[in-house]
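In: What follows is a predicted structure for the sequence shown.
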Amino acid sequence: MSLNRILVADDEESMRWVLSKALRKKGFTVDLARDGEEALRQIQAGDYDLAILDIKMPGITGLDLLDRVRELKSDLLVVIMTAEASMKNAVEAMKRGAYDYITKPFDLDIIDAIIEKVSKARELTAQMSILREEIKERYLLEKTIVGNSVAMREVYKTIGKVAPSDITVLIQGESGTGKELIARAIHFNSKRIGKPFIALNCAAIPKELLESELFGFEKGAFTGAVERKLGKFEQANGGTLFLDEIGDMPLDLQAKILRVLQEKEVTRTGGSQNIAVDVRIVAATNQNLEEQVRQKQFREDLYYRLNVVPLQLVPLRERKEDIPLLVDYFLGKTCTELEVPIKKCAPDTMNLLAAYDWPGNVRELENTIKRAVILSSDPLLTPADFPGLHIQHKGGPTAADELSLEALVDMKLRASLTNLDKMESGDIYNLVLKQVERPLIRFVLEKTRSNQVKAAEILGINRNTLRKKIQELAIDIRKD
Ligand SMILES: Nc1ncnc2c1ncn2[C@@H]1O[C@H](COP(=O)(O)OP(=O)(O)OP(=O)(O)O)[C@@H](O)[C@H]1O
C-alpha cells in the first residue's frame, strides 16, 4: 500500500504550484483543485491515497470537505493546511478526522516529514488489514461453529443481529455447549475485530484475586505489587471482554462491574485515577441467573444490564441431529491435526454416538472423538472404539436408544464370538438369544415388582409364555 496519488486543493495558485512541483519531483502523481467543489468531484471520481486541503476555500471549506471525505472515502488520509497558527482550527481538523495539519507558511521540509509519516501509516494500515484477514481466516478455520439444527440456526441469526452493535449479550447454556465459541464469534464478526478478545473465567480464579484480575493494580498497592498491572478491562480496551461463569462473581465485585458498565471507567486497585475504557461485554453462565437473582445471590440491576440480549445454547442431547455433523467435523479436525488419514465412522457407530446423551455436551463429544482417533489404528471407527458410551443417562428407551442397544449387542457379540470359525456346530442362536432374553425379562419384572401380568403386557407376550420363559431361563422371582 504505497503512497502514490495525491490531491492538492488550494485557491492560491502559488501554493498549488509549489506543492505540486515538490511532490512530483518525489515521483508522486499529483492532481490539483482550485476550490472545494472541484476537489470533491475529483475525490469522488479518483482513487487518491492522500489529500492535502486548504482550510479556507471559497464554497466548500476544507473542514466541510473533510466531513464529506469521511462519509465517502473513509480510508483517504487528509492533511489540512491552515493559514493562521490557530489552535482552534487545528483541533477542529483533528477532531473531524484529519490525519494531520500544517500551518502556512511552511517549509518544504515539513511536507517531507508529513509524506514520510503518511507512508508509514499506510504501511501499518496495510499490515493491520492483512493481520485482520489472517485472524479472520484462522478464526474461521479453527473456530467453525458446526450445527444445522433449528436451535443452532436461531443462534446464528442472533449472532448476526447482535455482532455489529456494542450490545451486551448474556449467553446461557450447560458446560461444553460452546458459550466461549459463540462469544468469540460475536467478537470476530463485530467491528472490534483486530482489537483484543479477552476471556476471564470468574469461577477459575480465587475470589480474592478476581478484583485485581479485573481492574488491575498500581505498583505498591499491596505487598507483592512490585509493578503496575493492567486488569482485564484495560487489556480488552477497544475490544470485547468475555466474562465466563459470571454467576460465580462475588456480590461486591458485581457492584464494581456495574459501575464500570455505567461509567465506562475503571480504577486500578491502589490508584486514584479513573481510566476510560471502551469495552464490549459478553457474559456467560451455566447457572440459572434469574433464580440467583431471586435468591439475592446475583444483583438484579447487573442482571438486567448484562441480559440485554439473551442467547440460550441448547444442550446437545436436545439437538441430536447435529451430532453426525459434529462427529464428522471433529474427525476431520483431529485427523488433520494429528496428520493421519481422515477416519470415518461406520453407520452403527454413528447411531451409537447419536443415541448417547452427552452430559458434557460438545466438549465431551470432541474429546471422545479425539480419544478414539488416537487409540484406533483402523480407518473405520466401530462401536468398540467407544467403550464408554453404552450407558444412557435418563428417560425411557427411545428409537435411538434401541439402535444403540443393537450396536452394543453387536459390539459384545463380536468380542465374545471372535473364535467362531473354530467353533463346532452347536446351539449358538439359542444361547445368544437367552443371554438377551434373560436380562430383558429380569429388568421388566424388576420394574413391575414381579407383577407377571403387567410384565407380560409391557413385553407384549402372552402370560403363559412369560411363565414358561421364567422357568426355562431360571429367573429368580423376588417378591417384596
Ligand atoms: N457448535 C460447535 N461447533 C464446533 N465446535 C464446538 C461447538 N460447540 C462447542 N464446540 C467446541 O467444544 C469445546 C467446548 O466449547 P466452549 O469452551 O465454547 O464451551 P463452554 O460452554 O464455554 O464451556 P464451559 O461452560 O465449560 O466454559 C470447544 O473446543 C469448542 O470449540
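Out: It's in.
In: What distance do you get for residue 384 to the ligand?
Out: 25 Å (CB to the nearest ligand atom, to the nearest Å). From N, CA and C alone the C-beta is placed, and that goes for glycine too.
In: Hmm, I typed the wrong one, I wanted residue 261.
Out: 22 Å.
In: residues in contact with the residue in the chain that the ligand sits nearest to?
Out: Shortest the chain-to-the ligand distance, computed as CB to the nearest ligand atom: residue-wise this is residue 178, at 2.7 Å. Residue 178 sits next to 145, 313, 361-362 when contact means CB atoms under 8 Å, 6 or more residues apart in numbering.
In: could you check whether stretch 309-325 is close to the ligand?
Out: No: Stretch 309-325 is not in contact with the ligand by CB under 6 Å from any ligand atom; minimum separation 6.7 Å.
In: Does stretch 235-243 reach the ligand?
Out: No: looking at stretch 235-243 against the ligand by CB under 6 Å from any ligand atom, there are no contacts, and the closest approach is 9.0 Å.
In: Repeat that for stretch 341-360.
Out: No: applying CB under 6 Å from any ligand atom, one finds stretch 341-360 out of contact with the ligand, separated by at least 8.4 Å.
In: How far away from the center of its chain is that stretch?
Out: 25 Å (CA atoms, centre = their mean, to the nearest Å).
In: Near the ligand, which residues of the stretch 351-480 of the chain are found?
Out: 362-363, 366.
In: Kindly recompute the last result at 5 Å.
Out: 362-363 (CB under 5 Å from any ligand atom).
In: likewise the stretch 1-150 of the chain?
Out: Counting by CB under 5 Å from any ligand atom, the stretch 1-150 of the chain sits next to the ligand at 145-147.
In: which intervals of the chain have sub-threshold pLDDT?
Out: Along the chain, the parts satisfying pLDDT under 70 run over 1, 85-86, 129-143, 390-427, 478-480.
In: Residue nearest the middle of it, spatially speaking?
Out: The centroid of the chain falls nearest to residue 184 when counting by CA atoms, centre = their mean (2.1 Å).
In: Make sure it is actually in contact with residue 193.
Out: No: with contact defined as CB atoms under 8 Å, residue 184 does not reach residue 193; the gap is 10.4 Å.
In: that older thread, compute the distance between the residue of the chain closest to the ligand and residue 65, please.
Out: Counting by CB to CB, to the nearest Å, the separation of residue 178 from residue 65 is 48 Å.
In: And residue 45, by the same measure?
Out: With CB to CB as the criterion, residue 45 and residue 65 are 15 Å apart.
In: And for residue 253?
Out: From residue 253 to residue 65 the distance is 49 Å (CB to CB).
In: Tell me which of the two has more neighbours.
Out: residue 65 (27 against 17; other CB atoms under 10 Å).
In: host element of the more buried one?
Out: Using DSSP states H and E, residue 65 falls within helix 62-72.
In: CA atoms only: put that helix into PDB for me.
Out: Extracted C-alpha coordinates of helix 62-72, given in PDB (Å, rounded to 0.1, in the frame of the first residue of the first chain):
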ATOM      1  CA  GLY A  62     -11.500  22.300   3.800                       C
ATOM      2  CA  LEU A  63     -13.300  21.300   7.100                       C
ATOM      3  CA  ASP A  64     -16.600  20.600   5.300                       C
ATOM      4  CA  LEU A  65     -14.700  18.700   2.700                       C
ATOM      5  CA  LEU A  66     -13.100  16.600   5.400                       C
ATOM      6  CA  ASP A  67     -16.600  15.600   6.600                       C
ATOM      7  CA  ARG A  68     -17.600  14.600   3.100                       C
ATOM      8  CA  VAL A  69     -14.400  12.600   2.700                       C
ATOM      9  CA  ARG A  70     -15.100  10.700   5.900                       C
ATOM     10  CA  GLU A  71     -18.500   9.800   4.500                       C
ATOM     11  CA  LEU A  72     -17.400   9.000   1.000                       C
END
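In: For the next helix or strand after it, list the C-alpha coordinates in CSV.
Out: Next along the chain after helix 62-72, taking DSSP H and E as the criterion, comes strand 77-82. In CSV, the C-alpha atoms belonging to strand 77-82 read as follows (Å, rounded to 0.1, in the frame of the first residue of the first chain):
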residue,chain,number,x,y,z
LEU,A,77,-5.9,10.3,4.6
VAL,A,78,-6.4,14.1,4.8
VAL,A,79,-3.9,16.7,5.8
ILE,A,80,-5.4,20.2,6.4
MET,A,81,-3.5,23.4,5.7
THR,A,82,-4.4,26.4,7.9
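In: list the contacts for residue 152?
Out: Shown in contact with residue 152 (CB under 8 Å, 6+ apart): 145, 314, 319, 322.
In: rewinding a little: of the residues of the stretch 1-150 of the chain next to the ligand - the most surrounded one?
Out: residue 147 (22 neighbours).
In: That residue against residue 327, yeah?
Out: No: here residue 147 lies out of contact with residue 327, judged by CB under 8 Å, at a distance of 11.9 Å.
In: show me the residues around residue 57 that make contact.
Out: Residues near residue 57 by CB under 8 Å, 6+ apart: 9-11, 35-36, 39.
In: Just to be sure, it is in a helix?
Out: No: counting by DSSP: H, G, I helix; E, B strand; the rest coil, residue 57 is located in no helix; its state is coil.
In: No more questions from me, cheers.
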